[in-house]
Each structure stands twice: as structure tokens, then as C-alpha cells.
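>>> I'd like to go over a predicted model; first the sequence, then the structure.
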Amino acid sequence: MTTKTQTGWTQFWDTEHSVYVSPRHFDRHYSLIADDIIKVLPPGAPRVLDHGCGEALHAGRIAARCDRLLLCDAAPRLRSRLAARFASEPNIAVMAPAEVESLPDGSLDLVVANSLVQYLTRAELEALLTVWRCILKPGGRLIIADVISPAGTAVADASSLLRFAVANGFLFDAVKGLARTFFSDYRKLRSRLGLTRYSEAEALDLLRRAGFADVRRLDPNFGYNDARIAVTGATAS
């Protein structure tokens, strides 16, 4: 069942928002995520799911190394944009979360969920872990990235953004964007709905209890926020 929290965040991501402070931030963020996913692709021509993919601007680069790349997002308008953006990419498919649940068992080599679990309740994540384990092949791998720890703060997020902005030439826009975010719907939602947080031990334990093996922290985290963590686990061979 979809919760009020999940509905609130889905509606937010399906509207025009100012989370990305400039077009360069928008592009560099998704370029970095694509680079990170490419680094962890299994050899050969894998079948991959990016669950909670967002705008996935550079998914074409990932798809070039895959037999099939599935892009899943809960936001309907965002899915429409993705479908239009990648209409000419025959090995990219865009799907809703319910369609992921209908995928055949053992059909994927890799599932990536980046910057997703903070917008789900613990029960929703546990349900998804069961789905992901079923649709992964024996020996397939799950990566959950950008997990916010209980000690994570908005100040740490802002500091990570500013370092990324300095390295990529949009510092002025980042400073303006942070000021704008103070009055934004994102800040209001973060205050009202909250974000789900997991310590490294909690995240690893969730994977183990869901039936994943070879459970461990993955370093570095995906993206530019080194205050957050990534964890990974594999299905039994």
C-alpha cells in the first residue's frame, strides 16, 4: 500500500522543483551517477534495473553496456519524460513500480537503487527487498546507494553540494540555490514528512534478513555526498 509519505515525495518529484541549482548541476549530477553505475556493471551484456532513477539524463551511456536497462520511477510525468527522452534507445524500457513487481523471477543481473530509500518507509523498503531478491538471477547483485545515516544533517548535505559545485564550476549558483532551498517545498516536505535513515549496521542487517549474501558496505558512495553510504548484497548462486 502506498503511504502518505511516499505519495507526498512522489508528487514533489513529479513537479517543477529547484533541487538542482543550475543546468550544470543537473547534468553533472546525473553524469556522475551514470559513471558510478557503469563502474559496477557485471561483465558481458547484463540486464539492469535502476529503481528510482529520477531524470536519468545519461542512461544512454549505461544502456550502451547492457543487454537491457530498465528505468523505474514512481512519478508518472517523469516516466513520460523518460519515455520520450529514450524513445530511440531500443534496449531502454521505462516502467512503474508495479511493473517491476511483475518482472519474471531471476531475470536481472543488477538492481541499483540510488537516493531512493530515504523516501520510503522501512516496511516499504522491506517489501522492495523481497521483490528485488526475486527478480535477480542467482549471483545477481543489489546496490542501495546514497543512504542517509541517523547522524546526517542538512548542513552536511549543503557542504557536499558546495564541494561538488567548486569542482564543477557552479559555486555561485549553488550558493543561490541553497538560499532558495531554505524557502522551498523540498525543505517543507523534509520537515513535515521526514527522511528515513539507516546506520550502516541497520542497512546491512536489512539485506541479510531479506536473504542476501555477501552483504557489505560499498565504497565510495554513488554521487558526490560522501557523508552518505552505499551497501550491497548478492543473491545465492
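Okay, I see it.
>>> what ranges of the chain fall below the confidence cut-off?
Applying pLDDT under 70 to the chain picks out residues 1-7, 9, 12-13, 16-18, 181-194.
>>> ok, which stretches of it are strands?
Counting by DSSP state E, one finds strands in the chain at the ranges 47-51, 68-72, 92-95, 108-114, 136-147, 213-218, 229-234.
>>> Output those in TSV; the columns should cover distance to Gly8 and mean neighbour count.
Heads up, the C-betas are built off the backbone N, CA and C, glycines and all. Shown next, in TSV, are the strands of the chain (distance: least, C-beta to C-beta, whole Å; neighbours: other C-beta atoms under 10 Å):
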stretch	distance to Gly8	mean neighbour count
strand 47-51	19	23
strand 68-72	19	24
strand 92-95	22	20
strand 108-114	19	23
strand 136-147	19	21
strand 213-218	29	14
strand 229-234	25	22
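>>> Phe26: which of those strands is closest?
Closest approach to Phe26 among the strands of the chain (C-beta to C-beta): strand 108-114, 15.5 Å.
>>> Next, the angle from that closest one to strand 136-147.
10 degrees (axes from the mean of the first three to the mean of the last three C-alpha atoms, to 10 degrees).
>>> What sits closest to Leu78 if chain neighbours are left out?
Asp14 (5.8 Å; C-beta to C-beta, 6 or more residues apart in numbering).
>>> I'd say that neighbour and Arg81 touch.
No: under the criterion of C-beta atoms under 8 Å, Asp14 makes no contact with Arg81, lying 10.0 Å away.
>>> The one residue sitting closest to the centre of the chain bridge partners, please.
Computing the C-alpha centroid of the chain and ranking residues by C-alpha atoms, centre = their mean puts Asn114 first, at 2.1 Å. Beta bridges link Asn114 to Ala145 when assigned by DSSP bridges.
>>> so what's it up against?
Ile33, Asp36, Ile37, Asp50, Gly52, Ile143, Ile144, Ala145, Asp146, Phe222, Gly223 (C-beta atoms under 8 Å, 6 or more residues apart in numbering).
>>> want to throw the strands of the chain into TSV with distance to Thr196?
Below are the strands of the chain laid out as TSV (distance: least, C-beta to C-beta, whole Å):
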stretch	distance to Thr196
strand 47-51	16
strand 68-72	19
strand 92-95	23
strand 108-114	13
strand 136-147	9
strand 213-218	18
strand 229-234	14
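>>> sorry, back to before: I'd like to check which residues are in contact with the residue nearest to Leu78.
Ala75, Pro76, Arg77, Leu78 are the contacts of Asp14 under C-beta under 8 Å, 6+ apart.
>>> Okay, and which of the residues you listed map to helices?
Pro76, Arg77, Leu78 (DSSP state H).
>>> Pro220 reaches Asp226, doesn't it?
Yes: counting by C-beta under 8 Å, Asp226 is a contact partner of Pro220 at 6.5 Å.
>>> This protein: helices as residue ranges?
4-13, 23-39, 59-63, 76-85, 97-101, 122-135, 154-168, 171-181, 185-193, 200-209.
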